[in-house]
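Student: okay, predicted coordinates and the sequence, questions at the end:
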Amino acid sequence: MAEETGALPPTSNPCPARSDIENAYARIAGLEVASLQNRAGELVAPDGESFRAAVDSFRSEFDPPDLADPRGAHSYPIVALSWIIVRKSLAAEKARALREVLRYCLTEGQKTTAILGYIPLTEEEVGKVLEQLASLDVAQ
């Protein structure tokens with residue numbers, strides 16, 4: 001999609017073709033990305049700093065409407081959060097495999113977040129998730 005969007009010819013149409021693709025894919029394909037006006041009226045570029053500001057605003061005052069347009073002068077207005085939902089009790093082999101994969105994602109895997117256009121979790125956040133992983137029950 002990113003390659004096809006970048007290959008579209010210029011147009012004289014006042015509403016040229018546009019495509020919404022994830023920031024990382026646009027950057028990898030060398031496409032221009034848009035600064036958008038946020039709730040505070042500021043034009044903000046999509047980058048790690050503005051994404052982190054948006055995530056921090058979610059934490060400071062968790063309000064579902066803010067997920068669509070986070071508060072803060074430096075927050076990019078369109079962000080998405082990823083969640084991991086895990087059963088509290090798993091078979092031993094599944095629990096071991098899940099802990100291993102998630103531990104990698106939270107440690108070594110975090111080194112690739114910027115390359116992929118994501119923001120890493122803070123050390124505090126990683127610690128909380130690792131605590132939750134350690135508390136998984138192993139079904140007998």
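Tutor: In hand now; what should we look at?

Student: verify the stated contact: Ile78 with Leu36.
Tutor: Yes: assessed by CB atoms under 8 Å, Ile78 is found in contact with Leu36 at 6.7 Å. The way it works is simple: take the backbone N, C-alpha and C, and place the C-beta from them, glycine included.

Student: all strands for the protein, in order.
Tutor: 36-37, 43-44, 89-91, 137-139 (DSSP state E).

Student: tell me the residues that contact both of Ile78 and Leu36, please.
Tutor: Pro46 (CB atoms under 8 Å, 6 or more residues apart in numbering).

Student: now for the helix ranked longest in the chain, which elements pack on it?
Tutor: For the chain, the helix with the greatest residue count under DSSP state H is helix 92-106. In terms of contacts (3 or more CB pairs under 8 Å, 6 or more residues apart in numbering; DSSP states H and E), helix 92-106 is packed against helix 123-134, strand 137-139.

Student: closest to Leu102 out of these?
Tutor: Closest to Leu102 of those is helix 123-134 (CB to CB; 5.8 Å).

Student: what's the spacing between the longest helix of the chain and its chain's center?
Tutor: Relative to its chain's centre, helix 92-106 lies at 21 Å (CA atoms, centre = their mean, to the nearest Å).

Student: so for it, mean pLDDT?
Tutor: For helix 92-106, mean pLDDT rounds to 91.

Student: now for the protein, the helix or strand with the poorest mean pLDDT.
Tutor: Using mean pLDDT, DSSP states H and E, helix 2-6 stands out as the lowest-scoring helix or strand of the chain, at a mean of 49.

Student: so where is this protein shaky, pLDDT-wise?
Tutor: 1-20, 60-67, 140 (pLDDT under 70).

Student: please name the nearest non-neighbouring residue to Gly117.
Tutor: What sits nearest to Gly117 in space, not counting adjacent residues and going by CB to CB, 6 or more residues apart in numbering, is Ala24, at 2.7 Å.

Student: I figured that neighbour hits Ile119, correct?
Tutor: No: assessed by CB under 8 Å, Ala24 is found out of contact with Ile119, at 11.2 Å.

Student: need the contact list for Arg103.
Tutor: With CB under 8 Å, 6+ apart, Arg103 has these contacts: Leu130, Leu133.
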